[in-house]
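Peer 1: Based on what follows, work out the 3D shape:
(one chain, ligands or ions: 2)
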Amino acid sequence: MNALKIYEKAPAKINLMLDVLYKRPDGYHEVEMIMTMVDLADRLEMSELPRDTIIISSQAGYIPLDEKNLAFKAAKLIKERYKVPSGVYIHLDKNIPVAAGLAGGSSDAAATLRGLNRLWKLGISDAELMELGAELGSDVPFCVTGGTALATGRGEKLIPVAHPPQCWVILAKLPINVSTEEVYGRFRSDRITKHPSASRMMQALDSGSFHGMCQELGNVLEEVTLQMHPEVAHLKETMLRLGADGVLMSGSGPTVFGLVSKESKVPRIYNGLRGFCKEVYAVRLLTK
Ligand SMILES: C[C@](O)(CO)[C@H](O)COP(=O)(O)OP(=O)(O)OC[C@H]1O[C@@H](n2ccc(N)nc2=O)[C@H](O)[C@@H]1O
Ligand SMILES: Nc1ncnc2c1ncn2[C@@H]1O[C@H](COP(=O)(O)OP(=O)(O)OP(=O)(O)O)[C@@H](O)[C@H]1O
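Peer 2: Ligands and ions are numbered 1, 2, ... in the order given. Below you'll find the predicted structure:
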């Protein structure tokens with residue numbers, strides 16, 4: 001008999017705004033950010049193993065497949081916490097660029113939690129899954145439920161907000177590796193001249209204003225990443241010049257996203273970027 005298989009989609013996130021309020025005594029930074037999902041996703045296939053083991057495989061050659069993989073960590077956490085005797089085989093079909101500021105690993109972890117809750121019929125609520133997720137990383141709780149949310153604390157306190165008006169999202173990632181820990185570590189609040197506003201972004205989303213949303217885009221971590229990698233600033237300028245309505249770096253970077261309302265503009269921007277950047281995607285926002 002074939003083992004039961006469970007499939008989960010793990011979408012990428014973008015930060016429409018990200019502000020850092022202060023550094024906390026525990027080393028994390030208190031943040032205020034608005035996140036939403038885009039239709040670029042990893043796909044996970046999970047099947048039960050009779051043995052007490054967790055096995056990860058992937059077509060992607062560039063991620064760890066051992067206990068360092070966030071899907072492995074998520075499976076281990078849920079298995080231990082809920083005393084599940086059986087094991088699981090997880091195949092990760094990776095499509096989200098790695099270490100890109102798109103929460104690829106966090107979304108895989110969240111999808112693993114959701115999938116194993118179903119596979120092992122554990123009946124865990126979303127709120128509990130989010131608490132488990134917070135033990136794995138600051139972006140994981142958001143990835144458990146997705147949608148569009150205001151995130152505070154270190155990113156784990158979430159309030160749903162209005163979805164952005166539908167548009168095209170062009171994602172472009174230069175071949176640069178950026179460590180989230182290093183970016184937060186180099187962040188200096190006294191260097192920030194303009195803070196993005198969560199309340200103004202929420203107003204723009206509430207009123208369904210695409211133009212308002214583009215105006216309120218802002219990410220204080222850009223200051224750090226663009227300083228280390230000026231080519232990311234050049235990528236932003238190029239995207240704007242090619243016709244994107246609003247442009248921002250996602251999370252700690254280096255991925256830059258451009259919001260575009262008119263479909264007819266997408267090919268020019270996409271093709272223009274492909275000239276010098278290998279990883280470019282044109283996707284839609286993910287609406288629930
Ligand atoms: C940049 C963002 O992706 C924006 O959504 C997140 O704030 C980062 O989320 P993440 O990658 O899930 O972060 P974690 O895995 O929890 O933490 C990685 C490292 O980033 C730093 N970190 C992270 C989140 C936070 N609010 N303050 C921090 O200072 C810490 O040094 C931590 O050791
Ligand atoms: N399932 C996974 N997918 C991708 N990377 C993983 C995974 N598990 C562990 N990693 C490791 O985690 C690190 C960060 O990768 P990830 O793609 O999650 O970064 P990110 O998009 O910058 O995340 P965030 O936006 O949450 O900071 C990489 O160095 C990678 O080797």
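
Peer 1: Can you check which helix is longest in this protein?
Peer 2: Ranked by residue count, the top helix of the chain under DSSP state H comes out as helix 104-119.

Peer 1: which secondary structure elements does the following helix or strand past that helix contact?
Peer 2: Per DSSP states H and E, the first helix or strand lying C-terminal to helix 104-119 is helix 126-134. Helices and strands touching helix 126-134, by 3 or more Cβ pairs under 8 Å, 6 or more residues apart in numbering; DSSP states H and E, are helix 70-81, helix 104-119, helix 140-145. C-beta coordinates here come from the backbone N, C-alpha and C atoms, glycine included.

Peer 1: Tabulate these (TSV), appending mean neighbour count, mean pLDDT and distance to residue 246.
Peer 2: As requested, those are arranged in TSV below (neighbours: other Cβ atoms under 10 Å; pLDDT from 0 to 100; distance: least, Cβ to Cβ, whole Å):
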stretch	mean neighbour count	mean pLDDT	distance to residue 246
helix 70-81	21	98	30
helix 104-119	26	98	23
helix 140-145	26	98	21
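
Peer 1: how about those helices, which one is nearest ligand 1?
Peer 2: helix 104-119 (5.0 Å; Cβ to the nearest ligand atom).

Peer 1: Is the closest one in proximity to ligand 1?
Peer 2: Yes: against ligand 1, helix 104-119 shows contacts by Cβ under 6 Å from any ligand atom at residue 106.

Peer 1: how many degrees apart are that helix and helix 70-81 in direction?
Peer 2: 40 degrees (axes from the mean of the first three to the mean of the last three Cα atoms, to 10 degrees).

Peer 1: can helix 104-119 be found next to ligand 2?
Peer 2: Yes: for helix 104-119 and ligand 2, the contact criterion (Cβ under 6 Å from any ligand atom) is met by 104-106, 108.

Peer 1: If you count contacts, what does that helix end up packed against?
Peer 2: Against helix 104-119 (3+ Cβ pairs under 8 Å, 6+ apart) you get strand 5-23, strand 29-49, helix 70-81, strand 87-93, helix 126-134, helix 140-145.
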